[in-house]
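Undergrad: quick check, what structure comes out for this input:
(one chain, ligands or ions: 2)
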Amino acid sequence: MAMSLDNCEDRQVHDRALNWFHSRSSSWQDWPLPRLLEYKIRQDSRISLVIPARDEAATIFDIVAGLRAALMKDAPLLDELVVIDSNSSDATATHAERAGATVYRASEILPEQGDYHGKGEALWKSLFVTSGDLLVFVDADLTEWGPHFVTGLLGPLLTSPATMLVRAAYTRIRTGSDGSTSPDGGRVTELLARPLLSLHWPELTGVVQPLAGEWAVRRGLMESLSIPVGYGVELSTLVDTHCLHGLDSIAQVHLGARAHRHRSDRDLALTAAELLNVAQSRRTPSDAASGVAELRQFLPDGDWVRPHTRPVPTYERPPAAGISGAAPASDRRSE
Ligand SMILES: O=c1ccn([C@@H]2O[C@H](COP(=O)(O)OP(=O)(O)O[C@H]3O[C@H](CO)[C@@H](O)[C@H](O)[C@H]3O)[C@@H](O)[C@H]2O)c(=O)[nH]1
Ligand SMILES: O=C(O)[C@H](O)COP(=O)(O)O
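TA: Ligands and ions are numbered 1, 2, ... in the order given. Have a look, this model is predicted:
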């Protein structure tokens, strides 16, 4: 009897995921710019676009210039476009500034709170230098993208007060070393994120790109969440939003195709370790690593291998709303 009850509950969870997929997915074409402008004006919403960037001199100029032209100059959708330079060692900051972004170096924001390296840290720090009620995040290494990424992501947030988090969905383009392309990118997504969600959070399996670096969120939600400093930020915000506010607070928008610079399998293994730790911290907090964790890898060395150890970032920033003495920028709007 217990067996059939469990099966029945499992079925309901999977049905919920599919229902969510059908009811909370839309396409960027559903959100035309004039309609979004109307909603923005009517609600007096302020919108910040944030681009976290570490060593993205090759792509940052085109992304900033393209988004500024389409969504700030031609149409006043964005109130600010901020690049958080995640301690780059190349000319990312200079290129971003030349393209018209407001640039902050992550380590220089709230220095009294310390300095961690990573994408999550850049997003967390952005909360203290931006003032939008709505925040849109876009990666800085995109090679196939368009302003419709931003308009699409804003659609459900601007038009429905119950929506708190919007994730990009797209076809992931994989570019081979010979320049050939195929629609099967997203190695960590396929090998780790999707299986993790299926096993531990099956209600979230309708999310097509759980690790998408392009997403939009209400400031109030973002400031209430604990933020892993590294690559775990997409998984944590998805799982935590579901847990705190329910599945229907999340929506996804299909944005067409998206291509980016690929990292090596070995580098992605480090991302995978971070994601596993985020999952563990949400499942069994006492078993999650805190402080220093290490990933052991073996690098080819002659006809054998040599051990190589890399630190796995496991630290999480506390909710920005609770940082005393450093009110997030939204609170300073009226100053
Ligand atoms: O220390 C860092 C590392 C990266 N980035 C920026 O973050 C974005 C995404 O980084 P990337 O190395 O391109 O990530 P991917 O390997 O593509 O990882 C994918 O999956 C990650 C979650 O697992 C997400 O965080 C990414 O957005 C998503 O693109 C880019 O703009 C980077 O410049 C930083 O700002 N600081
Ligand atoms: O989301 C992912 O899995 C990572 O961004 C890696 O994507 P890639 O395999 O297309 O480079």
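Undergrad: whichever strand in the chain runs longest near ligand 2 anywhere?
TA: Taking DSSP state E as the criterion, the chain has its longest strand at strand 250-260. No. If you take C-beta under 6 Å from any ligand atom as the test, strand 250-260 misses ligand 2, and the best it gets is 6.6 Å. In short, each C-beta sits where N, CA and C put it, glycine included.
Undergrad: what mean pLDDT does that strand get?
TA: Averaged across strand 250-260, pLDDT comes to 98.
Undergrad: please apply the same query to stretch 88-95.
TA: Stretch 88-95 carries an average pLDDT of 98.
Undergrad: and the longest strand of the chain, what other elements does it pack with?
TA: With contacts defined as 3 or more C-beta pairs under 8 Å, 6 or more residues apart in numbering; DSSP states H and E, the packing partners of strand 250-260 are strand 25-27, strand 142-144, helix 148-159, strand 165-172, helix 233-245.
Undergrad: list the buried residues for it?
TA: Of the residues in strand 250-260, those scored as buried under the neighbour-count criterion (16 or more other C-beta atoms under 10 Å) are 250, 251, 252, 253, 254, 255, 256, 258, 259, 260.
Undergrad: in space, what's closest to the second one - neighbours in sequence excluded?
TA: Leaving aside its sequence neighbours, residue 251 sits nearest to residue 156 (C-beta to C-beta, 6 or more residues apart in numbering; 4.0 Å).
Undergrad: hmm, residue 253 and that neighbour touching each other?
TA: Yes. Counting by C-beta atoms under 8 Å, residue 156 touches residue 253, with 6.7 Å between them.
Undergrad: picking up where we left off before, near ligand 1 at all, the next helix or strand after the longest strand of the chain?
TA: With elements assigned by DSSP states H and E, the helix or strand that comes after strand 250-260 is helix 265-283. Yes. Against ligand 1, helix 265-283 shows contacts by C-beta under 6 Å from any ligand atom at 271, 275.
Undergrad: now the helix or strand following helix 265-283: buried residues?
TA: The C-terminal neighbour of helix 265-283 among helices and strands, as given by DSSP H and E, is strand 293-301. Counting neighbours by 16+ other C-beta under 10 Å, one finds that the buried residues in strand 293-301 are residue 293.
Undergrad: parallel or antiparallel, which strands does strand 293-301 pair with?
TA: Strand 293-301 has the following sheet partners, assigned by DSSP bridges: strand 304-312 (antiparallel).
Undergrad: which residue does the stretch 151-300 of the chain have closest to ligand 1?
TA: Nearest residue of the stretch 151-300 of the chain to ligand 1 (C-beta to the nearest ligand atom) works out as residue 213 at 2.3 Å.
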